[in-house]
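Colleague: Need a 3D model of the following:
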Amino acid sequence: NDFAALMLDHPKSEIRDTAKYKPLMRATGKGGGKLRPRKLRDLVKEYVGLEIQKEGEAHTSVEDSQATMRLYKAVRDKWEKECAKAAAEKSGRKRKR
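Modeller: Model prediction:
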């Protein structure tokens with residue numbers, strides 16, 4: 001949505017969405033089988049140790065963007081390894097066809 005609002009086209013393989021990255025999601029439902037996105041505020045507090053979007057205070061898109069980048073950097077190594085592995089597996093499946 002953010003890219004569309006900015007009228008930008010970005011390769012899907014290069015997008016990192018903290019709301020869709022499973023290790024950052026929370027388990028819900030019976031037995032925790034359903035994953036839901038967590039609030040950026042909570043993720044940044046847990047992984048970066050930074051408080052954003054404080055109660056009663058206005059927050060800005062700039063603050064959210066900066067916090068999101070810091071969150072990404074905190075989990076980048078693991079995330080990128082998973083992306084590389086998924087890309088290799090996808091590439092392997094294409095060659096077998």
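Colleague: helices and strands around the lengthiest helix in the chain, which ones?
Modeller: Longest helix of the chain, by residue count under DSSP state H: helix 61-96. Here helix 61-96 touches helix 40-47, going by 3 or more C-beta pairs under 8 Å, 6 or more residues apart in numbering; DSSP states H and E. In short, each C-beta sits where N, CA and C put it, glycine included.
Colleague: Please put the alpha-carbon coordinates of the helix it packs on into CSV.
Modeller: Extracted in CSV, the C-alpha atoms of helix 40-47 (Å, rounded to 0.1, in the frame of the first residue of the first chain):
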residue,chain,number,x,y,z
LEU,A,40,4.9,-1.6,15.3
ARG,A,41,5.0,0.2,18.7
ASP,A,42,5.3,-3.2,20.5
LEU,A,43,7.8,-4.7,18.1
VAL,A,44,10.1,-1.7,18.3
LYS,A,45,9.9,-1.7,22.1
GLU,A,46,10.8,-5.4,22.2
TYR,A,47,13.5,-5.6,19.6
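Colleague: Could I get the buried residue list for that helix?
Modeller: Neighbour counts using 16 or more other C-beta atoms under 10 Å place Leu40, Arg41, Leu43, Val44, Lys45, Tyr47 of helix 40-47 among the buried residues.
Colleague: mind checking how far the longest helix of the chain is from the chain centre?
Modeller: 8 Å (C-alpha atoms, centre = their mean, to the nearest Å).
Colleague: So which bits of it are buried?
Modeller: For helix 61-96, burial by neighbour count (16+ other C-beta under 10 Å) applies to Glu63, Ala67, Thr68, Leu71, Tyr72, Ala74, Val75, Trp79.
Colleague: Surely the third one touches Tyr47?
Modeller: Meaning Thr68. No - using C-beta atoms under 8 Å as the test, Thr68 is too far from Tyr47 to be in contact (11.0 Å).
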